[in-house]
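Q: Below is the sequence, then the predicted model.
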Amino acid sequence: MKYLFVRPEYLVCSFTGKMGYMHYADELVKEFLVFRGFTNTLQTFETELSTDIGKGFQVDKILDLIFLEYVPKFQTEKLVGLLGFLKQYYSASIDTVFLSTLSKLEVSILRYFIIHALQLGRKEKVIEFFASNGNNLLLRSHEWVPWFAIPYLKSPNLDPQFRIYFSKEWLDAVHLSTRNFLSEMFNGTRIPALLKISTEKSTIKHLKKDIKQLNLKLSQLQALLEEKEAQICQLRSSSSTEVSTLQRSHSIYSPTGTRGKHGCETNYFPVNRLSDVRSQPTANELEIEKCDDDYVKFLPELTLAKSGHDSSSSARLFGDWDDNLGEMQQEIEFPEVKVDFQETFLGHTSPISRSRFSASGNNIASASLDGTVRIWTYDSSTPSSRNATIYCGAEIMSLDWECKSDRLLLIGTADSGIKAWNVDAKRVVCDLSTTPEFPSILDLKCSPVEPIFVSAAASRRNVDQIGLASLTVWNMKTWKAMTVLPLGEDPPAITSLCFNHNGKILAASATDGMIHMFDMAAGLQITGWPAHDAAISSVLFGHDETSIFSLGYDGKANASRICRHEMAMDANGTRLLATSGSVRSPIYQVQGHTLGLRTLPHGAAITTVDWHPTLPIYLTGSADHSVRVTSIS
């Protein structure tokens, strides 16, 4: 006999890459049959799987059948059946050379069976084998004629004609040749389209990982470039006259610290010297004093306290992004975040208007100006079965997830529409409409306790145009309006909503700079106070709910329909992330006296932000059409 040796690269590892997803494909078929209700077909399929003679074309399992079960247990019928199955199944898909080699290999395996039986002294098994298969063997080849005498020889292992078959080298060669041949044969088999799903999924996963690493490297290079450019600008400015000033940059104002001369408390924040000196501050702005240690002393006027509510405090967040020098100052002030990992989502085709983590943080909903919402996950270990694209047919103004689960997503549009999307069913389960007088749903907020949500609708789309407001409370079980919260006669548009931890109090900010507080049980406004001189973009309860943070439109150049500036607080209440007209966003340190941070750069202005509900992971959406998930230490 000629031994069949195949090169090492044809071993089973090559085959595993193509056919290793057979079990996954079987499960897909079962899932489809259940979905279609083909129960009889499913039962037949499972029965055939349990008696699968080809063992899913897994080389190791077929070898075990031959050399560890059929041959040692003298199961000749099963052995002949398996070899016949392989020969018949692949006779139409492999070339003539392969078919000829398979026939020779079949002869060697059957002779291996005979030799094994004789070595164990089981001549009767050899006689039974020839009785069952002798005629068929003689029809195939006359080479089998001498083998019919082998069970009757006294010492066949010494016979010159059969001696070689009793050697360990020949027995090992048959085993190795069988493995190599099956591996090569299966590798040359055409892969069904169903199996390609798994291999393509694996390829996509690897590509995504490569893209994530490249994006992170790109961000690091961009950050390094910006740092060098900032250093160059700083060196150039050092040669001119140094004048201490404050030029409308990101700053947090909070009445905590030491008492100032206006009866409120004073905070200290480090700033850089700028070349432009502002004129005298207005009555509602800050007074500036030069300190010996190059710090600027901020003396904010009373906000909540002067309204007669001394038990809590308020924080105001001003921003100005229309001056490049102001942006440079902000980026020099704050060090860059240290990133553990970063994932970039590139599924949108227009600027991002809103993005939100779900209640668990596993799923993300992001909206863009083209009227689409995409639901996706950033973690490869999280099932992507909820991923979807929702076409709303109108500009999306607001998003909010149900607070107790990830099941429902609320979508507010500019054409009086509020859609409730069920992520499990992948369909809109309710399509509500506000009155035609208030078509723009500027914000939606779900109660953290009850199955209700509040919608802030406005008569005009752009918040820089004064419009009228309507606040409606909706029941999420009946999907009907419960009540309209009172705002007074001709109230200005409400831009942002926020519940406290138990859902009993609702804070709402307006375009006239007011913050309103509502008792949800009574459905009445309990207080309100002027917090800004212009429209407020975003409002948040502090972590301990003894303070309110508000983000104004003061001085913003891009308060247009691209985005309404917003802010988000992390789970611990220590970091406040705000949007920016720059490619970076500031992360303010709310507690303590440490400096804030700045995010890695996008390719354009950052238009939306959010924090993971439990982890130090934040979300940024940009006018460059991308959404990023960033984990920091």
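A: Received it, and whenever you're ready, just let me know what you need.
Q: Distance of the residue nearest the centre of the chain relative to residue 205?
A: Among the residues of the chain, the one closest to the centroid is residue 378, at 1.6 Å (CA atoms, centre = their mean). Note on residue 378: its distance to residue 205, by CB to CB, to the nearest Å, is 13 Å. Glycine gets a C-beta too; all of them are placed from N, C-alpha and C.
Q: swap in residue 454?
A: 40 Å.
Q: between the two, who's got more neighbours?
A: Using other CB atoms under 10 Å as the criterion, residue 454 and residue 205 rank with residue 454 on top: 24 against 11.
Q: For the more buried one, list the residues it contacts.
A: 444, 445, 447, 471, 472, 473, 474, 485, 497, 506 (CB atoms under 8 Å, 6 or more residues apart in numbering).
Q: got TSV for these, with distance to residue 87 and neighbour count too?
A: Shown next, in TSV, are those (distance: CB to CB, whole Å; neighbours: other CB atoms under 10 Å):
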residue	distance to residue 87	neighbour count
444	66	22
445	69	22
447	69	20
471	77	23
472	73	20
473	74	19
474	68	22
485	79	21
497	72	25
506	75	22
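Q: Export those as TSV, with columns for secondary structure and distance to residue 567.
A: Listed next are the contacts of residue 454 as TSV, based on DSSP: H, G, I helix; E, B strand; the rest coil; distance: CB to CB, whole Å:
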residue	secondary structure	distance to residue 567
444	strand	17
445	strand	15
447	coil	21
471	strand	21
472	strand	24
473	strand	24
474	strand	25
485	strand	23
497	strand	14
506	strand	18
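Q: all helices of this structure, in order?
A: Remark: helices assigned in the chain by DSSP state H are 12-19, 22-36, 39-50, 59-64, 76-90, 96-119, 123-140, 168-187, 193-238, 324-333.
Q: what about these, which gets the closest to residue 541?
A: Proximity to residue 541, assessed across these by CB to CB, is greatest for helix 324-333 (25.4 Å).
Q: pLDDT of that closest one, averaged?
A: Computed over helix 324-333, the mean pLDDT rounds to 43.
Q: Specify the residue positioned farthest from the middle of the chain.
A: Distance-from-mean max, the chain, by CA atoms, centre = their mean: residue 154 at 72.7 Å.
Q: if we can go back for a sec, what does the model give the residue nearest to the centre of the chain for pLDDT?
A: So residue 378 comes in at 89 (pLDDT).
Q: And residue 488, by the same measure?
A: Looking at residue 488, the pLDDT reads 86.
Q: How about the one 10 residues further on?
A: The predicted structure scores residue 498 at 95 on the pLDDT scale.
Q: Can you give me the separation between it and residue 545?
A: 10 Å.
Q: now do residue 134
A: 91 Å.
Q: Can you list the residue ranges for strands in the stretch 351-500 of the chain?
A: 352-357, 364-368, 372-376, 388-391, 396-401, 408-413, 417-422, 427-433, 440-446, 452-458, 469-475, 480-485, 494-499 (DSSP state E, counting those that start in this stretch).
Q: Just the CA trace of the first one, in CSV.
A: Think strand 352-357. This file holds the C-alpha atoms of strand 352-357, laid out as CSV (Å, rounded to 0.1, in the frame of the first residue of the first chain):
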residue,chain,number,x,y,z
ILE,A,352,-25.8,64.3,16.0
SER,A,353,-28.6,66.1,17.9
ARG,A,354,-29.1,63.8,20.9
SER,A,355,-27.6,60.7,22.5
ARG,A,356,-28.6,58.8,25.6
PHE,A,357,-27.5,55.8,27.6
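Q: For that strand, name the packing helices and strands.
A: Using 3 or more CB pairs under 8 Å, 6 or more residues apart in numbering; DSSP states H and E, the elements in contact with strand 352-357 are strand 364-368, strand 396-401, strand 606-611, strand 617-622.
Q: hmm, try it at 10 Å
A: strand 364-368, strand 372-376, strand 396-401, strand 408-413, strand 606-611, strand 617-622, strand 627-632 (3 or more CB pairs under 10 Å, 6 or more residues apart in numbering; DSSP states H and E).
Q: pLDDT on that strand, on average?
A: 95.
Q: follow-up on the earlier one: out of the strands of the stretch 351-500 of the chain, nearest to residue 624?
A: strand 352-357 (8.5 Å).
Q: Can you point out the buried residues in the closest one?
A: 352, 353, 354, 355, 356, 357 (16 or more other CB atoms under 10 Å).
Q: swap in stretch 414-424?
A: In stretch 414-424, counting by 16+ other CB under 10 Å, buried: 414, 415, 416, 417, 418, 419, 420, 421, 423.
Q: Out of these, which is nearest to residue 433?
A: residue 416 (5.0 Å).
Q: If we ignore the residues flanking it in sequence, what's nearest the closest one?
A: residue 439 (4.3 Å; CB to CB, 6 or more residues apart in numbering).
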